[in-house]
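1. Predicted structure and sequence below. I'll ask about it afterward.
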Amino acid sequence: MMFLPIIAYAPFFFTQWVSPALRVGCFFLLSIYLFFSATRYSKNDGVVFGLLILLVITFVSRNSAGTLGIVSVGNYCLTILFGWGLYRHLTTSRPRAHILLELYVKFFYFVSICSLLSLVYFLILGEFDLFGFKSDVYQHLVTPFGVLFKKSFGPITLYRSSFYFVEPVHVAIFYAANIVIVAPLLKSKEGAFVAVNFLGGLLSGSMTFFIVLFVLYGWKKTKSIYSLVGVLVGGVCLILLTQILDVASYSSGVDRFDRFYLFYIAMEQANMVQLLFGHGVANETGFDKAFNSGFTLSIYQAGFVGAILELLILYRLSSSFLILVFFMLAASVVDPIHMPLFWLLVVIISRTLNDEAVRPKISDRNSLIKMT
């Protein structure tokens, strides 16, 4: 039941099934339940509360959209409250993190398998819009197992399968994180989970999957200055390879670059107050294209001060630098901080890593007691 409100939010097509009032209401009740399921408060809770209050003040002080802006601020902060509440909920019982981790793993087994079935179904039987997700605005193909996006590479046509994620890039970042960060937590089941997620990454046809996978793996394996140089050289070679093969011209990279350029123009025209505290949530940019990366959205809406506050909140709830690296990679192409699924991943990993770090200390303490 906890998982249903999560997939009713972005980045899933399931948002079309649920009215905004019902979706927000259920998500609010879930967040409140999670938050108050733990009756004790720690120093970390006090720090997160202070940072969240400062963020709310930043948003409200720069609001120029009236009621719409207040509603947007509420939705923005509600997602963070969900992550905070889940963090508190998992601190009350150690098995809860492992139960949710198993649920998360099974979900992505399901996502990858359905992506494969969706491609096979389309190639054999064609489209069948069972759930009413076909749209004239988004040129995607629909099957009972998910959606596909048609992409032409010269004479070659590729069908990118992404379950019911609104874009292949959204699921691609999770596949990469699952391989590098989640799979090692599964011990004996690591190999199967890596294989399934790599298959899903290939089916998504997203360059972002390979880039995020390469950087995360390189960062995790970096132990010395030589390995760091190897990662940097490998990254440069990967970029050069994409240019030589002219892959970028067939991807969404050009469109994303245009949006970054529009953000640069907006920041160049901003005054000091707007740079520090943003233009306000729900404020129109004045451009035909919207900013679609988490970094550009956060800085435009809340300024550099608000973006730093968001990073601090994330760090207090994750306490893992690898997760921050993943967030920075994801935020360069999507807006993960508005995704409940992202917060679920972050908090589960954080609590699982914390439990694994504590368990050896408890074992050593018990051994010492037996010896004495």
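-> Done, it's in. Just so it is clear, the structure is predicted and the values come from calculations on it, not from any experiment.
2. quick one: low-confidence ranges for the chain?
-> 137-138, 153-154, 222-256, 288, 355-372 (pLDDT under 70).
3. Let me see the ranges of the helices in it.
-> In the chain, the helices defined using DSSP state H lie at 3-7, 20-36, 43-61, 66-91, 94-125, 168-177, 190-204, 207-221, 225-244, 253-269, 272-277, 294-318, 321-331, 340-371.
4. wait, what's in contact with the nearest residue in space to residue 338 that is not next to it in sequence?
-> Nearest non-adjacent residue to residue 338, counting by Cβ to Cβ, 6 or more residues apart in numbering: residue 79, 5.6 Å away. Just so you know, the C-beta spots here come from the backbone N, C-alpha and C atoms, and that holds for glycine as well. Counting by Cβ atoms under 8 Å, 6 or more residues apart in numbering, residue 79 touches 9, 337-340, 343.
5. of all the residues you listed, which two lie farthest apart?
-> By the measure Cβ to Cβ, 9 and 337 form the most distant pair in the contacts of residue 79, at 12.2 Å.
6. Look up how far residue 13 lies from the residue nearest to residue 338.
-> As judged by Cβ to Cβ, to the nearest Å, residue 79 and residue 13 stand 19 Å apart.
7. got a markdown table for the contacts of residue 79, with neighbour count and distance to residue 113 too?
-> Formatted as a markdown table, the contacts of residue 79 follow (neighbours: other Cβ atoms under 10 Å; distance: Cβ to Cβ, whole Å):
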| residue | neighbour count | distance to residue 113 |
| --- | --- | --- |
| 9 | 21 | 23 |
| 337 | 23 | 29 |
| 338 | 19 | 27 |
| 339 | 22 | 22 |
| 340 | 23 | 23 |
| 343 | 25 | 25 |
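8. Tell me the one of these nearest residue 298?
-> Using Cβ to Cβ, the contacts of residue 79 come closest to residue 298 at residue 337, 7.2 Å.
9. just checking, the closest one touches residue 294?
-> Yes: using Cβ atoms under 8 Å, residue 337 makes contact with residue 294 at a distance of 5.7 Å.
10. which neighbours do those two share?
-> Contacts common to residue 337 and residue 294, judged by Cβ under 8 Å, 6+ apart, are 327, 331.
11. Tell me, how many residues neighbour residue 71?
-> 15 (other Cβ atoms under 10 Å).
12. meant to ask about residue 190, not that
-> 14.
13. Walk me through the domains of this protein.
-> 1-92+252-350, 98-219 (automatic domain parsing).
14. nearest residue to residue 219 other than its sequence neighbours?
-> residue 325 (5.4 Å).
15. oh, I was asking about residue 199
-> Excluding its sequence neighbours, the residue lying closest to residue 199 (Cβ to Cβ, 6+ apart) is residue 112, at 5.8 Å.
16. residue contacts, residue 89?
-> 34-35, 37-38, 96.
17. circling back to that earlier point, contacts only, for the residue nearest to residue 199.
-> Applying Cβ under 8 Å, 6+ apart, the residues near residue 112 are 175, 196-197, 199-200, 203.
18. Can you flag the buried ones in those?
-> 175, 196-197, 200, 203 (16 or more other Cβ atoms under 10 Å).
19. which among those residues gets closest to residue 354?
-> residue 197 (23.3 Å).
20. wait, the closest one sits on residue 107?
-> No: counting by Cβ under 8 Å, residue 197 does not reach residue 107; the two are 11.7 Å apart.
21. can you list residues touching both of the two?
-> By Cβ under 8 Å, 6+ apart, no residue touches both residue 197 and residue 107.
22. Skipping its backbone neighbours, what lies nearest residue 346 in space?
-> residue 318 is the one closest to residue 346 (Cβ to Cβ, 6+ apart), at 5.1 Å.
23. what's around that neighbour, how many residues?
-> Residue 318 - counted by other Cβ under 10 Å - has 23 other residues nearby.
24. what residues are up against the spatially closest residue to residue 309 that is not a sequence neighbour?
-> Using Cβ to Cβ, 6+ apart and skipping residues adjacent in sequence, the residue nearest residue 309 is residue 55, 4.6 Å away. Shown in contact with residue 55 (Cβ under 8 Å, 6+ apart): 77, 80, 302, 306, 309-310, 313.
25. In JSON lines, list those along with neighbour count and distance to residue 261.
-> Shown next, in JSON lines, are the contacts of residue 55 (neighbours: other Cβ under 10 Å; distance: Cβ to Cβ, whole Å):
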{"residue": "77", "neighbour count": "18", "distance to residue 261": "30"}
{"residue": "80", "neighbour count": "22", "distance to residue 261": "29"}
{"residue": "302", "neighbour count": "25", "distance to residue 261": "21"}
{"residue": "306", "neighbour count": "24", "distance to residue 261": "22"}
{"residue": "309", "neighbour count": "22", "distance to residue 261": "26"}
{"residue": "310", "neighbour count": "20", "distance to residue 261": "23"}
{"residue": "313", "neighbour count": "22", "distance to residue 261": "29"}
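26. Okay then, goodbye and thanks.
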